[in-house]
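Colleague: Sequence first, then the predicted structure, then my questions.
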2 protein chains.
Amino acid sequence: MRISELAKLAGVTPRTIRYYEDLGLLQASDRQGTGFRYYTEDELERLQKINLLKTLGLTLDEISSVIPLLFEEPRKLAGKQMLLDILKGHLQAIDQQVDSLTQLRTELQERIELIQQWIDRQASQK
Amino acid sequence: MRISELAKLAGVTPRTIRYYEDLGLLQASDRQGTGFRYYTEDELERLQKINLLKTLGLTLDEISSVIPLLFEEPRKLAGKQMLLDILKGHLQAIDQQVDSLTQLRTELQERIELIQQWIDRQASQK
DNA sequence: ACTTACCTTTACGTTAACGTTATACTTTAA
DNA sequence: TTAAAGTATAACGTTAACGTAAAGGTAAGT
């Protein structure tokens, strides 16, 4: 597929895809010289993963350091204990984020009930 | 306390605090004319909440719409069913984000184990 | 070969969220 | 009451993550 189709499927614009290519985040699977860029399902999957990481609050810079660890073949990554530590660091960050979200969730829930009570009380008062 | 102390406690700069004031996100508890701004624990708590929401990926604009619902007294919010719906929307968004994080967590975990196996295999091979 | 619809690069523009001066004013302590 | 340390406003600067417009190149069908 070409760039516009990929863009639609991923919910972004062609400009965004080219921008990611400049950053080294996403390469076209086929390209001859300065011709059109062609993509496959693999690039779509990778792009969707990038979008997911963005909604989780990561910058493109941070994503650049995580994405390879998720898509590169293990044997190319192996031999580097450091990478394992980085991944484990991300794991911890995720756990902490889940904790924060869970706490915020509780707080929101309490607030909702409080306001609901207020509404109910006003309704029964007239 | 004054602006610099609040800034330190919250891990931001004074500039950031004034910027939030411009956006209507955080008001000083005491202010005479153009004199110094004074803050209390309440503002610290609110500022920390803002920081939390930021790490969760919300923009300051989005935070502006959530913060009042968390800190305003219920009776001022009541009477507006709409607000309840907004809060419930945020609840759903949080649940979805937790799901995404959980899935990413699993993926990371699998990756870690894969790489670990590779390292172990290489170690036992010499 | 030619049209049509997309695509290419280049380059300047935009917005959010502050950083960084510069200049003047407030507080507090001596 | 004056010196030192912190703070005030105003205004221009910066970076990330694209948007947008211009000028030309490509691919596919006819």
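Modeller: In hand now; what should we look at? Everything numeric here is computed off the predicted structure, so don't read it as measured data.
Colleague: Need the three-state assignment for the spatially most central residue of chain A.
Modeller: For chain A, the residue nearest the mean C-alpha position is A:Leu53 (1.7 Å; C-alpha atoms, centre = their mean). Assigned with DSSP: H, G, I helix; E, B strand; the rest coil, A:Leu53 falls in the helix class.
Colleague: On the pLDDT front, check the residue nearest to it when sequence neighbours are not counted for me.
Modeller: The shortest distance from A:Leu53 to any residue other than its chain neighbours is 4.9 Å, reached at A:Ile63 (C-beta to C-beta, 6 or more residues apart in numbering or on different chains). Where you see a C-beta, it was placed from the backbone N, CA and C, and this is true even at glycine. Confidence per residue is given as pLDDT, and for A:Ile63 that number is 95.
Colleague: ok, back up a step: correct me, but the residue nearest to the centre of chain A touches A:Val66?
Modeller: Yes: the pair A:Leu53 / A:Val66 is scored as a contact, 6.6 Å apart, by C-beta atoms under 8 Å.
Colleague: The lowest-mean-pLDDT helix or strand in chain A and chain B in contact?
Modeller: Using mean pLDDT, DSSP states H and E, the weakest-scoring helix or strand in chain A turns out to be helix A:74-77, at a mean of 77. Yes: applying C-beta under 8 Å from any C-beta of the partner chain, one finds helix A:74-77 in contact with chain B at A:74-75, A:77.
Colleague: Just send those back as TSV, with neighbour count too.
Modeller: Supplementary listing: those in TSV, determined by neighbours: other C-beta atoms under 10 Å in any protein chain shown:
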residue	neighbour count
A:Pro74	15
A:Arg75	12
A:Leu77	18
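Colleague: Next, format the residues you listed as CSV and append distance to B:Pro14.
Modeller: Shown next, in CSV, are those (distance: C-beta to C-beta, whole Å):
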residue, distance to B:Pro14
A:Pro74, 47
A:Arg75, 51
A:Leu77, 43
